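Undergrad: Can you look at this prediction? I've put the sequence above it.
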Amino acid sequence: MQQIIPRAGACLFVLLAMPLAAKPIAYANGTTVMAEYGAGTMTEEQAYYAPRSWWSAGADAVQLQSADGRKQRHIVDVRANLLVKRWNLPGAQANVFVWGGLGQATGNDFAGSTLSRNAGFETDYETRRVYASFASDLQESDHYSHRIDTLQLGWAPYKHDYNTLATWIVVQGRQYTGELFRGTEKAILVRLFKGGTWVEAGVTTDGKPQAMAMFNF
Amino acid sequence: MRIFKSMLLVAMLGVSSIVSAKTIEMDVNGLVCAFCAQGIEKSLKALPPTSKVFVSLENRIVAVELKDGADIPDPQLRKAITDAGFTVVAIRRSDVTLDAIKQRVARQAAGHE
């Protein structure tokens, strides 16, 4: 019980404080704001505006910390996202997104700040009962290179509709390169969304909380 | 002459139906996620002729109730749905109310259970 309360408190904290595999483009003239807390290894905040349904641009802040605490990165960049392809099927949708950005980064194992470069892609497929996505995000500079690969598989216990609460159970596997985390970080998440609000929270197999919140408006 | 009159009558009835259409119903592909479909309601509600919007993921339809005497041209409807990230596969105009469409959808949903 003494262990459960601090963990529940931590989950609640990250949900309130807010948390990669969500679509970076909402719709034409739509704004997407999202934040993710990734089990202590990664924290990310993003805000994008989409002038058209096939591209968006905005700002992205990423904080990375190695499992042993020896490497820390604080990256802030401007990023553009592009919808390369969308398949709208009668009972399913699939997408391919790519993105790229430039910014500034600081770290605890190099002096001053450095030009940061970001590139990535995401592909997803979903019906009203199953969901799968894979995203690869490269953060690099002259001092570091980290790639974050995230695979998510989701299952909905019931089919939601436009005005009802959607509930998903999502399993996630994530790998970091550049000595941030050894092996695959595995997590199970509960995802809820209704209207333009999306929240998800869960825990890794190491017992660390993970959460994300996203708003479209 | 009789054939001509019949054709004229059919044409007048057709025009009358379009002019007095209360709702537009669209079959839309890709409707699987309510969170992602918020843009449909937003873009259609921004059109002056729109009174109300109804989206059903189950039936894969988007319905628009029109203000009296108003209409939205098909290209504008297609643009609104495309801007929201989806694909229109059919557009129908009718005199049924949006509530009648909602009731039909509810009956169909109950029939599936």
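TA: Nice, I can see it. All values reported here derive from a predicted model rather than from experimental measurement.

Undergrad: Look at residue A:204 and say how many residues are nearby.
TA: 19 (other C-beta atoms under 10 Å in any protein chain shown). For the C-beta atoms, the positions are set from N, CA and C on the backbone; glycine is no exception.

Undergrad: Could you give the bridge partners of it?
TA: With DSSP bridges applied, residue A:204 shows beta-bridge pairing to residue A:187.

Undergrad: That one and residue A:187 touch, don't they?
TA: Yes. Look at residue A:204 against residue A:187 with C-beta atoms under 8 Å: they come within range, at 4.4 Å.

Undergrad: Find the helix or strand that residue 63 is a member of.
TA: Since no chain was named, I'll use chain A. strand A:55-65 (DSSP states H and E).

Undergrad: not quite, I wanted chain B
TA: Judged by DSSP H and E, residue B:63 forms part of strand B:61-66.

Undergrad: The following helix or strand past that strand vs strand B:61-66, what angle?
TA: Heading C-terminal from strand B:61-66, the first helix or strand you meet, by DSSP H and E, is helix B:74-83. Orientation check (axes from the mean of the first three to the mean of the last three C-alpha atoms, to 10 degrees): helix B:74-83 against strand B:61-66 gives 130 degrees.

Undergrad: Export helix B:74-83 to PDB, keeping only CA atoms.
TA: What follows is helix B:74-83, C-alpha atoms only, in PDB (Å, rounded to 0.1, in the frame of the first residue of the first chain):
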ATOM      1  CA  ASP B  74     -21.400  19.500 -53.600                       C
ATOM      2  CA  PRO B  75     -17.900  20.900 -54.300                       C
ATOM      3  CA  GLN B  76     -18.100  22.900 -51.000                       C
ATOM      4  CA  LEU B  77     -19.300  19.800 -49.100                       C
ATOM      5  CA  ARG B  78     -16.500  17.700 -50.600                       C
ATOM      6  CA  LYS B  79     -13.900  20.400 -49.600                       C
ATOM      7  CA  ALA B  80     -15.200  20.600 -46.100                       C
ATOM      8  CA  ILE B  81     -14.900  16.800 -45.600                       C
ATOM      9  CA  THR B  82     -11.500  16.600 -47.400                       C
ATOM     10  CA  ASP B  83     -10.100  19.500 -45.300                       C
END
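
Undergrad: got the buried residues for it?
TA: Within helix B:74-83, the residues scored as buried using 16 or more other C-beta atoms under 10 Å in any protein chain shown are B:77, B:80, B:81, B:82, B:83.

Undergrad: Burial check on residue B:49, number of neighbours?
TA: For residue B:49, using other C-beta under 10 Å, the count is 17.

Undergrad: Touching, it and residue B:66? I think so.
TA: Yes. Counting by C-beta under 8 Å, residue B:49 does reach residue B:66; the two are 5.4 Å apart.

Undergrad: on that earlier part again, now list whatever residues contact both of residue A:204 and residue A:187.
TA: A:39, A:210 (C-beta atoms under 8 Å, 6 or more residues apart in numbering or on different chains).

Undergrad: So, low pLDDT: which residues of chain A?
TA: A:1-21 (pLDDT under 70).

Undergrad: So which residues of it form helices?
TA: A:4-17 (DSSP state H).

Undergrad: Enumerate every residue touching residue 41.
TA: Because you didn't say which chain, this covers chain A. Contacts of residue A:41 (C-beta under 8 Å, 6+ apart): A:64, A:65, A:66, A:67, A:176, A:180, A:181, A:185.

Undergrad: please go with chain B instead
TA: B:53, B:55.

Undergrad: I'd like the next helix or strand past the worst-scoring helix or strand of chain B on mean pLDDT.
TA: Least confident helix or strand of chain B, by mean pLDDT, DSSP states H and E, is helix B:2-19 with a mean of 52. Downstream of helix B:2-19, the next assigned helix or strand under DSSP H and E is strand B:23-29.

Undergrad: Would you mind checking the average pLDDT for that following strand?
TA: Here strand B:23-29 scores 97 as its mean pLDDT.

Undergrad: in the helix or strand following it, what counts as buried?
TA: With elements assigned by DSSP H and E, the helix or strand that comes after strand B:23-29 is helix B:38-45. Buried residues in helix B:38-45, counting neighbours by 16+ other C-beta under 10 Å, are found at B:38, B:39, B:40, B:41, B:42, B:43, B:44.

Undergrad: I'd like those laid out as a markdown table, including pLDDT.
TA: Formatted as a markdown table, the buried residues of helix B:38-45 follow (pLDDT from 0 to 100):
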| residue | pLDDT |
| --- | --- |
| B:38 | 91 |
| B:39 | 92 |
| B:40 | 95 |
| B:41 | 94 |
| B:42 | 93 |
| B:43 | 93 |
| B:44 | 96 |
